[in-house]
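Participant: A structural model of the following input is requested.
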Amino acid sequence: MTFHSINPYSKQSIGSFRAWHEKELSNTLQQVAASVKHWKETSVRDRLHHLSTIKFKLLHEKQNLARLITTEMGKPIAEAMAEIEKCAWLCDYYIEQCEEWLKPQQEKLSDKTVWHSLQPIGAVLGIMPWNYPFWQVFRYAIPNLLAGNIVLLKHAPNTMACAEALQNLFSGNNPSSFFHLPIDVTQVEQVVAHPVVQGVCLTGSVNAGRAVAALAGKYVKKSVMELGSADAFVILPDAQFEMALSAAFTSRMLNAGQTCIAAKRIFIEADKIDDAIAFFKEKIKAIRLGNPLEEQTQMGPISKLEFVNKLRNQVEKATQQGARLVEGAQAKDNFFLPGILLADAEHSMHTEELFGPVLTLIPYQKEEGLLDLINNNPFGLAASVWSSNVEKAFSFSEKIEAGTVVINDFMKSDPRIPFGGIKLSGYGREMGKQGFISFLNEKVIIVPR
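Facilitator: A predicted model of the protein is given here:
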């Protein structure tokens, strides 16, 4: 099997990448097994030095790496640069925290002393998507490497050039602690089943999560799943309306809408819907589509033609169910979709994720019953609540079924804050201290007094 990387703007080939045969994968897993003991016994200071070197290389190569991201998956160069800088921020955060977190903690009871320690478990497989090809990898790789685990990466088939760049970036210690595995989905079970692999995390679709979580269960491996979403963006009657609309638009249009935590269900009072439509129509018309390598471009192409076709079908299905297409749906060329605006959408339409620049406005009549509309959804990743009364917004947020709720801002992942969802949005947490310990053995040692 061969993976093909295509520039979604120029339609030109970036390269072809051969998938490993079973024997090649088996030999690499043997190398991983040999590396686990070495990396586990490497001092925390040496791990910190290695990760500091990675951060230095990352920033030194920032321009080239950002261009690679933009060329391979289509996001504007400014957003790609921000992605690289955010990876460096994550490095700083974990480098600063990990020594303190890894210190054994003592608990004195009446008849014994209990020591709590965090220890590595082996190798962790990450199955990562194309939409943030560096950030998604860094947020599971950095904490695991610092904690003493080996990192295995199965990247998306359309971002294999980024995967190779990541391998080069993380190389440098001997034996290696980071392994890029150019494998097909049919080979994932071989990796998960291997005794050296003790954890697996995935960011992707619900169906992919079901399949990988089933494998993790079959072989009794720890797992973290970050899956689909239909995040609610709730504008309460007393919110600063235009500020909230502006934030919703920014949230939805970043990365051409190809973001898990975008504002996907925008709840607005029914008597303000017309004002919201006028606002969004002007914003959509002002978007500068074009070559994502040019700094003035605000939105690049969708990453793959199949994603464009899927979005078109989803929009058509929504209109058949009663939504009103107000703006958009005419593409500049095959890979481009301008902002699409759907009004009068029903909350019941959002049983699948719209992964693109589609603004969906859901009217509500009264605050009473609004929570039922928000929570009557199979997903539960994140949400945003807007109100001039923070105490009221906080009380409202506590009742929303989601992993994260942000008040008077749009949702942005932050390396300092645990991130993950509930329901079909997955389970487990990345980032923050919770993310750091997701794939560690929380060992207890008991000493009688």
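Participant: drop to CA atoms for contacts and neighbour counts, all remaining ones
Facilitator: Will do.
Participant: Now do the contacts for the residue nearest to Ala239 when sequence neighbours are not counted.
Facilitator: Leaving aside its chain neighbours, Ala239 sits nearest to Ser387 (4.0 Å; criterion: C-alpha to C-alpha, 6 or more residues apart in numbering). By C-alpha atoms under 8 Å, 6 or more residues apart in numbering, the residues touching Ser387 are Ile235, Leu236, Pro237, Asp238, Ala239, Gln240, Ala393, Ile407, Asn408.
Participant: for the fourth one, helix, strand, or coil?
Facilitator: I take that to be Asp238. Three-state assignment for Asp238 (DSSP: H, G, I helix; E, B strand; the rest coil): coil.
Participant: Provide a list of residues in contact with it.
Facilitator: Ser387, Ser388, Asn389.
Participant: Let me know the closest of those to His49.
Facilitator: His49 lies nearest to Ser387 out of these, by C-alpha to C-alpha, at 45.2 Å.
Participant: Quickly note the distance from the closest one to Pro237.
Facilitator: 7 Å (C-alpha to C-alpha, to the nearest Å).
Participant: Can you give the distance of stretch 256-271 from its chain's centre?
Facilitator: Remark: stretch 256-271 is offset 17 Å from the chain centroid, using C-alpha atoms, centre = their mean, to the nearest Å.
Participant: If you count neighbours, what's buried in that stretch?
Facilitator: 256-269 (16 or more other C-alpha atoms under 10 Å).
Participant: how far away is Gln106 from Gln119?
Facilitator: 15 Å.
Participant: more neighbours, these two?
Facilitator: Neighbour count, other C-alpha atoms under 10 Å: between Gln106 and Gln119, Gln119 has more, with 18 against 14.
Participant: Pull the contacting residues for that one.
Facilitator: Per C-alpha under 8 Å, 6+ apart, neighbours of Gln119: Leu102, Ala147, Gly148, Leu440, Asn441, Glu442, Lys443.
Participant: What number of residues are in the vicinity of the fifth one?
Facilitator: Which is Asn441. By other C-alpha under 10 Å, neighbour count at Asn441 equals 13.
Participant: same check, this time on the last one
Facilitator: When neighbours are counted by other C-alpha under 10 Å, Lys443 registers 11.
Participant: That one should be in a helix, yeah?
Facilitator: No: counting by three-state DSSP, Lys443 is not part of a helix but strand.
Participant: check which helix or strand covers the spatially closest residue to it that is not a sequence neighbour.
Facilitator: Using C-alpha to C-alpha, 6+ apart and skipping the chain neighbours, the partner closest in space to Lys443 is Ser117 (5.2 Å). Assigned by DSSP states H and E, Ser117 belongs to strand 112-120.
Participant: For whichever helix or strand Ala208 is part of, give me every contacting residue.
Facilitator: Under DSSP H and E, the secondary-structure element containing Ala208 is helix 206-218. Where contact means C-alpha under 8 Å, 6+ apart, the residues beyond helix 206-218 that reach it are 189, 192-193, 199-200, 202-203, 222-223, 225-228, 424-426.
Participant: per-residue confidence averaged over that helix?
Facilitator: The pLDDT scores in helix 206-218 average 98.
Participant: Which positions in it come out as buried?
Facilitator: In helix 206-218, counting by 16+ other C-alpha under 10 Å, buried: Val206, Ala208, Gly209, Val212, Ala213, Leu215, Ala216.
Participant: C-alpha coordinates for it, CSV please?
Facilitator: Listed next in CSV are the C-alpha coordinates belonging to helix 206-218 (Å, rounded to 0.1, in the frame of the first residue of the first chain):
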residue,chain,number,x,y,z
VAL,A,206,-16.5,8.1,16.5
ASN,A,207,-16.2,5.1,14.3
ALA,A,208,-12.5,5.1,14.5
GLY,A,209,-12.7,5.5,18.3
ARG,A,210,-15.1,2.5,18.5
ALA,A,211,-12.7,0.3,16.6
VAL,A,212,-9.6,1.3,18.5
ALA,A,213,-11.3,1.3,21.9
ALA,A,214,-12.5,-2.2,21.2
LEU,A,215,-8.9,-3.3,20.4
ALA,A,216,-7.7,-1.6,23.6
GLY,A,217,-10.3,-3.5,25.5
LYS,A,218,-9.5,-6.8,23.8
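Participant: and the direction of the next helix or strand after that helix versus that of helix 206-218, what angle?
Facilitator: Using DSSP H and E, the helix or strand that follows helix 206-218 towards the C-terminus is strand 222-226. With axes from the mean of the first three to the mean of the last three C-alpha atoms, to 10 degrees applied, the angle from strand 222-226 to helix 206-218 works out at 170 degrees.
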